[in-house]
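>>> Fold the following and give me the result.
(chains A and B)
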There are 2 protein chains.
Amino acid sequence: MSSVNLLVNGVAVDTVSARDRGFQYGDGLFETIAVHRGTPLLWEQHAQRLLASAVRLGMPPPETALLRAEADQLCRGVERGVLKIILTRGVSGRGYRPDASVPVTRVLSLSPWPDYPPSWSGEGVAVRLCQMRLASQPRLAGLKHLNRLEQVLARAEWDDEYAEGLMQDESANVVEGTMTNIFLVEGTTLRTPDMTRCGVEGVMRGAVLEQARRLGIACRVGPVTAIQLEHAGELFLTNSLIGLWPVRRIENRSYTIGQTTRKIQQAIRDAGCVA
Amino acid sequence: MSSVNLLVNGVAVDTVSARDRGFQYGDGLFETIAVHRGTPLLWEQHAQRLLASAVRLGMPPPETALLRAEADQLCRGVERGVLKIILTRGVSGRGYRPDASVPVTRVLSLSPWPDYPPSWSGEGVAVRLCQMRLASQPRLAGLKHLNRLEQVLARAEWDDEYAEGLMQDESANVVEGTMTNIFLVEGTTLRTPDMTRCGVEGVMRGAVLEQARRLGIACRVGPVTAIQLEHAGELFLTNSLIGLWPVRRIENRSYTIGQTTRKIQQAIRDAGCVA
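Model prediction:
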């Protein structure tokens, strides 16, 4: 593994300015990327999301070739690891007003692979339903931005008794996990919540939808009610690090791990999406 | 003025860890405090809000005596300036889960007094009505936390043609400005929005309510509709730096600056709330 594990604007330091708008306001974006044998997986999809998200926040577009060069520098020789890219609106004076002339701050960091039990991919996970709700904010919906207090407060609701917590919106529709997207299997159809009012459009969510369509599985993207959740035949969670975890239990309610879940799990592995 | 203008955990440096949860997630709180002749104004109120807010976020309570000692160190000899205190949930490993054993990060910074035209206190300001809405999130409502993308996007809507922008919630009720609280004068009554679903409970807002009650002015704290805004006799904005700005215009609609506004403006000056 490379001895450098943090690059701030290309320099191997582990600090950022205390006046950076990322620290002052959470004014920025991030990507969390699985690294396997020196390669950041689903790179194009992550770079594309970062670019599209920067446009939505009115930030200068990231230089993706430069990000890739720095990512390669960090990931060289890494068997399995986590690459995180943070982009912020840089260091500016006091006040919320963005200054387009200020260069963005880019932080790339490499972390050890998380120690999730390997059985979670095979035997599935137990999850809770969080008390903490997601606020409806269409202007930020879908983005992986740095304002993550809702997820922090949701994750504070349990210790180790669950692998993940599901979050609902104000209308009690299920939107996502604190760090994952959720999919339901209803008969032969796959359903996942839309991200038009809150939630993060995960890169692995996109990969799953792509693989499902390739496999001829019908996909519906739209609200998921508590009743739909209860009656789902199969359930699973996704993100760029875990790939796919089947859900075997939500609090006291059990689910079976079925064929559709296994087919998609295999498909994203075969497509090289998973570390 | 002191030559040091930034203290990070008591040390005169201008950087924080790139792995700080303030930078990673906006997981923290802040206070913006007016400094006059070496003294941070309304200190007890700011310290009290920080303490109460830390409790709500489940953060360890700040050591307010230590914060005060560091504030005094920065403010010594300063005629007029801005003291900002940031508290975050410190530097922890990857993931949203808070770790109560991690010490908080405290950042105190001193900035020059902002160059608002002095006429704004006397002759009033023109403000806009922002397109950007505030999401309803009762768990974060009232707090001056570090998730400020809504304010950043709202402030990006105009350049210098307005002094401030007003923000509405999903129901089109007016909640606050991007950096101020708002008050309406309706006959002999003062009205200001409640902060139960979104918004920041400003320290100057609290001081204004206290002074109004002292002056025998009836105060109503509750939703402010667009119609109430339109029909208000007087309007003003407050925060810890500006004190009170009368509003003379919202886009094309004019307001008069009346006796109640002037009485309260004088009262907060007399009470030593304004730099």
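
>>> Show the contacting residues for A:A100.
Neighbouring residues of A:A100 by Cβ atoms under 8 Å, 6 or more residues apart in numbering or on different chains: A:58, A:60. Yep, even glycine has a C-beta here, placed from its N, CA and C like the rest.

>>> swap that for A:A71, sorry
A:A71 neighbours (Cβ under 8 Å, 6+ apart): A:33, A:40, A:43, A:83, A:85, A:108.

>>> Now the closest residue to A:G26 other than its chain neighbours: phi and psi?
Nearest residue to A:G26 in three dimensions, chain neighbours excluded: B:G26, at 3.0 Å (Cβ to Cβ, 6 or more residues apart in numbering or on different chains). Per-residue torsions, B:G26: phi 60, psi 30 (degrees, to the nearest 10).

>>> count of neighbours near B:G26?
26 (other Cβ atoms under 10 Å in any protein chain shown).

>>> isn't it right next to B:L146, touching?
Yes: between B:G26 and B:L146 there is a contact at 4.0 Å, judged by Cβ atoms under 8 Å.

>>> Which strands or helices does the strand or helix carrying A:R205 pack on?
Using DSSP states H and E, A:R205 maps to helix A:203-214. Under the contact definition 3 or more Cβ pairs under 8 Å, 6 or more residues apart in numbering or on different chains; DSSP states H and E, helix A:203-214 sits against helix A:43-57, strand A:181-186, strand A:189-192, strand A:218-221, strand A:234-239, strand A:243-250, helix A:259-270.

>>> How far off centre is the fourth one?
Distance of strand A:218-221 from its chain centroid, counting by Cα atoms, centre = their mean, to the nearest Å, is 20 Å.

>>> Toward the C-terminus, what is the element adjacent to that strand?
Going down the chain from strand A:218-221, the next helix or strand is helix A:226-231, by DSSP H and E.

>>> Summarise which helices and strands that next one is packed against.
Partner elements for helix A:226-231 (3+ Cβ pairs under 8 Å, 6+ apart): strand A:181-186.

>>> Next, show the common contact partners of B:G26 and B:L146.
Residues touching both B:G26 and B:L146 (Cβ under 8 Å, 6+ apart) are A:25-26, A:149.

>>> quick check, nearest of those to B:V208?
Nearest to B:V208 out of these is A:Y25 (Cβ to Cβ; 25.3 Å).

>>> Let me know the distance separating the residue in the stretch 1-150 of chain A positioned nearest to chain B from B:R133.
Scanning the stretch 1-150 of chain A for the residue nearest chain B gives A:G26, at 3.0 Å (criterion: Cβ to the nearest Cβ). Distance, A:G26 to B:R133, using Cβ to Cβ, to the nearest Å: 18 Å.

>>> Quick one: neighbours of the residue of the stretch 151-275 of chain A found nearest chain B, just the number.
Proximity of the stretch 151-275 of chain A to chain B (Cβ to the nearest Cβ) peaks at A:R155, 3.9 Å away. By the measure other Cβ under 10 Å, the count of residues near A:R155 is 20.

>>> Reduced to three states, what does the closest residue to it other than its chain neighbours come out as?
Of all residues not flanking A:R155 in the chain, B:Y96 sits nearest, at 3.9 Å (Cβ to Cβ, 6+ apart). Under DSSP: H, G, I helix; E, B strand; the rest coil, B:Y96 falls in the coil class.

>>> Around chain B, pick out the residues from the stretch 151-275 of chain A.
Within the stretch 151-275 of chain A, the positions near chain B by Cβ under 8 Å from any Cβ of the partner chain are A:151-156, A:170, A:178-179.

>>> Which residue ranges make up each domain of chain A?
A:6-112, A:119-270 (automatic domain parsing).

>>> May I see those domains arranged in TSV, with mean pLDDT and distance to B:M204 as well?
Putting those into TSV (pLDDT from 0 to 100; distance: least, Cβ to Cβ, whole Å) gives the following:
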stretch	mean pLDDT	distance to B:M204
domain A:6-112	97	17
domain A:119-270	97	24
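
>>> nearest to B:Y255, of those?
domain A:6-112 (24.1 Å).

>>> Thought A:E230 was touching A:R253, still the case?
Yes: taking contacts as Cβ under 8 Å, A:R253 lies within contact range of A:E230: 7.0 Å.

>>> For A:A207, which non-adjacent residue is closest in space?
A:C273 (4.7 Å).

>>> Tell me who's in contact with the one you found.
A:41-42, A:204, A:207, A:211, A:243.

>>> Turn the residues you listed into a markdown table, including neighbour count.
Listed next are the contacts of A:C273 as a markdown table, based on neighbours: other Cβ atoms under 10 Å in any protein chain shown:
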| residue | neighbour count |
| --- | --- |
| A:L41 | 23 |
| A:L42 | 22 |
| A:M204 | 24 |
| A:A207 | 24 |
| A:Q211 | 20 |
| A:G243 | 22 |
